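Novice: just coords:
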Ligand code: NG1
Ligand code: ZN
């Protein structure tokens, strides 16, 4: 009864925005920050219920990633650091759209009943709340706390400003019983980076790689964090210059950041001809996406983009190399382990990257867009590497494989300490600690790229030469109802409305090496069009003519 009146009282302060229907999309709720107070409050309730259900620490992150600064959003991190369990999404929607306090109470009651969640305040659970640097973040964070506080037994812990992957990492680590703060996060990623640096084979030093890395921080949280921790990294052998930290007066995601760089293929603000030839990286607004680039000419603003597909390819090549060194060890030293490695991409992956990965003998799987799908698929392998072309991805290691690796490393260190095989085992162990096992993470991903380039003795140009991207074009078409388009086959085929797929096929057939698909965005009211062809003007034309079909 106390719980009911508490919910009624507190939710009456947060009426839902009029005339908007909110939906928990691929990255939680996102909208103009001005209408989000009630949504964030309600996600606070959701997080509290999720924590009670799982009897674990849950995360609540307030961010709208690469969206413009006036937007914001909110999403939940599960106990293992992953995305909210998909079967809770309809409940999230019902909660966000409940029109009156009574209706909200009814939604909560029914759901708690069906999930067997006791709302008697008997248990105490923690919800870690974080936000990015958006100005709307602090008042939304208060709304989240009130939502959490309206469920008896739920305690909100304010983690302040964090990158999205940091919050996910901390949630995961707390549930594993590890001590976990932001300092522990940086401690772990910088020490495993150090470990990889110490294991670099002699003779692979390349002057080009030793040059500093220039990072575009998107005027967001990632740039700020790097600025603070760059001295620690410098001690470990990585010199970084951070631009667009947000402290120079630039606007979040405006003409800067990984999304801008990947989509527009031009230099972000603050970069230009003076950076010709340098190795540059760009983070997105909440630092879960990473792309690299170089400035193409001494005059223009054109770049050579090194995208998520190429980061994936670099990681895959390195890991395969370590696995094959390990395979060469004396099998008298215990059983071999048939390590099953797989890479996961979406339809947006450049066709040349898929061909390259297959040529390397790797199994390539495809899922629909949205990290939750890629992550789920990657978790089915002993080593699953996933990346979206836009730079969101990570590497997952199975528990089974990691314990085999630990055991093998112990054996090797007693019989052949310092051998190539043992070094390979140590490198893989270091990668598993450096790379964020919860979610794609630009900061830890960047450190892994930097370590591997040094290991290989590769410049960014050499890396970029792994394969040549097919020319591609992405367009978006504003539509009244994006749900009218329904796709199948990892989004490569339109099944509704009828007739469109045939028309796309007919257009695509006009282009050698042509590939084209459309899908409804999960984050904007648009239909996205992607086209690939053997020349840029052909990719442009194909995308344009298919966009006209949708319009
Ligand atoms: P939508 O709007 O569904 O295309 C975009 C990205 C996704 C993912 C989400 C979440 C593209 C084409 N799509 O989704 O890959 O990152 O945002 O942020 O880049
Ligand atoms: Zn992001």
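Specialist: In hand now; what should we look at? Note that this is a predicted model, so its numbers are computed, not measured. Ligands and ions are numbered 1, 2, ... in the order given.
Novice: distance check, residue 476 against ligand 1.
Specialist: Going from residue 476 to ligand 1 by CB to the nearest ligand atom, to the nearest Å gives 9 Å. C-beta: built from backbone N, CA, C; applies to glycine.
Novice: same check on residue 238?
Specialist: On the measure of CB to the nearest ligand atom, residue 238 and ligand 1 end up 27 Å apart.
Novice: tell me the pLDDT at that residue?
Specialist: In this model, residue 238 is scored at 93, pLDDT.
Novice: dump the residue contacts of it.
Specialist: Listed by CB atoms under 8 Å, 6 or more residues apart in numbering, the contact set of residue 238 reads 193, 213, 447, 450.
Novice: please report how far the residue of the stretch 1-150 of the chain found nearest ligand 1 lies from residue 439.
Specialist: The nearest approach of the stretch 1-150 of the chain to ligand 1 comes at residue 27, 4.1 Å away (CB to the nearest ligand atom). Look at residue 27 and residue 439: by CB to CB, to the nearest Å, they are 11 Å apart.
Novice: shared neighbours of these two, which are they?
Specialist: With CB under 8 Å, 6+ apart as the test, residue 27 and residue 439 both reach residue 371.
Novice: follow-up on the earlier one: now do the residue of the stretch 1-150 of the chain closest to ligand 1, the pLDDT please.
Specialist: 85.
Novice: got the contact list for residue 345?
Specialist: Residue 345 touches 309, 312, 353-354, 357, 364-366, 374, 386-389, counting by CB under 8 Å, 6+ apart.
Novice: quick one: the helices in the stretch 101-250 of the chain?
Specialist: 101-115, 137-149, 164-175, 182-198, 207-210, 221-235 (DSSP state H, counting those that start in this stretch).
Novice: most tightly packed of these?
Specialist: Most buried of the helices of the stretch 101-250 of the chain by mean neighbour count (mean count of other CB atoms under 10 Å) is helix 164-175; its value is a mean of 26.
Novice: contacts for that helix?
Specialist: Helix 164-175 has contacts (CB under 8 Å, 6+ apart) with 56-59, 61, 63, 65, 77-82, 126, 128, 130, 132, 159, 162, 179-182, 184-185, 225, 286-288, 436-444.
Novice: can you select the buried ones from those in ChimeraX?
Specialist: The following ChimeraX line selects those of the contacts of helix 164-175 that are buried, judged by 16 or more other CB atoms under 10 Å:
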select :56,57,58,59,61,63,65,77,78,79,80,81,82,126,128,130,132,159,162,180,182,185,225,286,287,288,436,437,438,439,440,441,442,443,444
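Novice: among the contacts of helix 164-175, which lie within strands?
Specialist: Among those, DSSP state E puts 58, 59, 61, 77, 126, 128, 130, 159 in strands.
Novice: now for those residues: which two are most distant?
Specialist: The widest separation within the ones in strands among the contacts of helix 164-175, taken as CB to CB, falls between 61 and 126 and amounts to 14.9 Å.
Novice: tell me the helices in the stretch 301-450 of the chain, going along the chain?
Specialist: Remark: helices assigned in the stretch 301-450 of the chain by DSSP H, counting those that start in this stretch are 308-327, 351-359, 371-378, 399-415, 420-434, 442-456.
Novice: rewinding a little: now the buried members of the contacts of residue 345.
Specialist: 309, 312, 353-354, 357, 364-366, 374, 386-389.
Novice: determine which two of those are furthest apart.
Specialist: Most distant of the buried ones among the contacts of residue 345, by CB to CB, are 365 and 389, 15.4 Å apart.
Novice: on that earlier part again, for the helices of the stretch 101-250 of the chain, which one sits closest to ligand 2?
Specialist: Ligand 2 lies closest to helix 164-175 among these, at 6.0 Å (CB to the ion).
Novice: that closest one vs ligand 2: in contact?
Specialist: No. Legend: contact between helix 164-175 and ligand 2 by CB under 5 Å from the ion is lacking; minimum distance shown is 6.0 Å.
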